[in-house]
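Trainee: The sequence and its predicted three-dimensional model are supplied below.
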Amino acid sequence: MQGVRLDKWLWAARFYKTRSLATEAINGGKIHLNGFRAKPGKEVKPNDQLRIRRSLTEMTVAVLAVSDKRGSATVAQTLYEETGESIADRERLQALRKLSRSPGGFSDHKPDKHERRKIIRFIGK
């Protein structure tokens, strides 16, 4: 097999749950193939480099094999290998995010009934 469409490969390698989600990510500029923005129909071949951005993480992977069929997770992991410096960068950024988190900061949800009663008692009304 010479090459496979980029969206199919991302789906087969289990980076995205569906091909349409992979296509959206590619069109959104979150996937770079060999340093350039790619289109969903671009062919992926072994020894290509992919930079994949997902939420707060960014990873660089080397394509080891191509497949257009989605298999198990263990089979999907044989299709690519993450570069060493990508792993180090990801772990460093994760540690920085963990340290920068403010303890006891603002909550990300509205207070429920129990929390509202605590607030009212604290304020003294």
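Mentor: Looks like it came in fine.
Trainee: So what's the model's average confidence on stretch 23-30?
Mentor: In this model, stretch 23-30 has a mean pLDDT of 95.
Trainee: Just the buried positions in that stretch, please.
Mentor: 23, 25, 26, 30 (16 or more other C-beta atoms under 10 Å). Glycine gets a C-beta too; all of them are placed from N, C-alpha and C.
Trainee: Redo those as JSON lines? Include secondary structure and distance to residue 96.
Mentor: Formatted as JSON lines, these follow (DSSP: H, G, I helix; E, B strand; the rest coil; distance: C-beta to C-beta, whole Å):
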{"residue": "23", "secondary structure": "helix", "distance to residue 96": "32"}
{"residue": "25", "secondary structure": "helix", "distance to residue 96": "24"}
{"residue": "26", "secondary structure": "helix", "distance to residue 96": "28"}
{"residue": "30", "secondary structure": "coil", "distance to residue 96": "21"}
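Trainee: Can you tell me which of these comes closest to residue 73?
Mentor: Checking the buried residues of stretch 23-30 against residue 73 with C-beta to C-beta, the nearest one is residue 25 at 19.2 Å.
Trainee: Going by residue numbers, what spans are strands in the protein?
Mentor: 4-5, 31-33, 36-37, 43-44, 49-54, 57-63, 80-82 (DSSP state E).
Trainee: Which of those sits closest to residue 89?
Mentor: Closest of those to residue 89 is strand 57-63, at 7.6 Å (criterion: C-beta to C-beta).
Trainee: Contacts for that closest one next, please.
Mentor: 9, 44-52, 79-83, 85-86, 89-90, 93-94 (C-beta atoms under 8 Å, 6 or more residues apart in numbering).
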